[in-house]
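Colleague: sequence and predicted model, in that order:
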Amino acid sequence: MCTRQTLTVIFAVVLLASLAARTVRGIGTPQGNPSVTRAFAVSKQRFTLGMPEGSRKTLVDLWEPGLVLRWTTRSLLDVDALKAGAGQPNEQLRIVPRIPPHWRRAYHRIGNVPILAMEYQGVRGRLFLEALGGAGADIVKIVLRSTDGEPLGIGIVLQSPNASRNEDFVLLREDKSLFCAVAGECTCRHSSAGMEITVSAGKDPHTVWIAIPHRAPVKDIAAYRARNWADAWGRAVEAWRQVLARAVRFSIADAKVADAYYSCLEQILFGQ
């Protein structure tokens, strides 16, 4: 008899095969990818981040008007902890852009890699929030583009009941471990809701990174802020590409049945 774990592995292989068989789109921008709107699903979507073979998994809720990242500090390999309910998320980080009135929102999958992006678009510009699980840290990529080339600034609030701000660009836990760090050129100020950074762009798009370490002491703050997160992002994407390349092709002759089947598998694997 197949166990749930065996079925999950089978489903994963089938889903990866379906993704590998599809056309691989470019990584790094949601342009040209289908958007998920309310016509397709409810306003809240849930996605799972993590390295292919890692025990750390982070739940990302697409939440109006931003992202909510939730995770547990316990390893998913600790079966006894999961049975006792300790695997439930006990930490969270909200990322809330202060979007100008009349800007539109859309959700995107980027290529065949488990990266989920929110796009905000208005008359003067576009803002992208993309989230990916990396080695040692979850990474949120923020890209701001000015449509007319004129200076444009967007405030983004970072807030959490699990951490507090005691210096610019950083949130710490009560035990003084590093909760998250902002890397890249931006301004920062204290907010009643938490920490607020302002990302600015002109003729060229501007990128800022938010790193959420799996575990890091306060002495690592400078190292996390100085790290090349574009390189870390690229290595995380490549890790998933290698997994997809190992997938075995699996096909269902009837296109409508195949779409329904893959949709069910995506729900099982990535959560809803």
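Modeller: Yep, that arrived.
Colleague: quick check: the residue most central in space within the chain vs A245, distance?
Modeller: The centroid of the chain falls nearest to A131 when counting by CA atoms, centre = their mean (2.1 Å). According to CB to CB, to the nearest Å, A131 and A245 sit 23 Å apart. In this view, the C-beta of every residue, glycine as well, is placed from N, C-alpha and C.
Colleague: do a quick rundown of the strands in the stretch 51-200 of the chain.
Modeller: Counting by DSSP state E, counting those that start in this stretch, the stretch 51-200 of the chain has these strands, from start to end: 58-63, 66-71, 91-97, 104-109, 116-121, 125-133, 137-146, 152-159, 164-167, 170-172, 178-183, 187-191, 194-201.
Colleague: could you measure from the residue nearest to the centre of the chain over to T48?
Modeller: On the measure of CB to CB, A131 and T48 end up 10 Å apart.
Colleague: same deal with R105?
Modeller: 21 Å.
Colleague: looking at these two, which has the bigger crowd around it?
Modeller: R105 (18 against 14; other CB atoms under 10 Å).
Colleague: which pLDDT does the model give that one?
Modeller: Looking at R105, its pLDDT reads 88.
Colleague: so what's it up against?
Modeller: R105 makes contacts with E64, P65, I99, M118, E119, Y120, as judged by CB atoms under 8 Å, 6 or more residues apart in numbering.
Colleague: mind running it again at 7 Å?
Modeller: By CB atoms under 7 Å, 6 or more residues apart in numbering, the residues touching R105 are M118, Y120.
Colleague: after the lowest-mean-pLDDT helix or strand in the chain, which helix or strand is next? Please name it.
Modeller: Of all helical and strand segments in the chain, the minimum by mean pLDDT, DSSP states H and E falls on strand 35-36, at a mean of 38. Downstream of strand 35-36, the next assigned helix or strand under DSSP states H and E is strand 45-49.
Colleague: distance of the nearest residue to D148 once chain neighbours are set aside from P101?
Modeller: Spatial nearest neighbour of D148, excluding adjacent residues (CB to CB, 6 or more residues apart in numbering): R124 at 6.1 Å. Plainly put, R124 is 12 Å away from P101 if you go by CB to CB.
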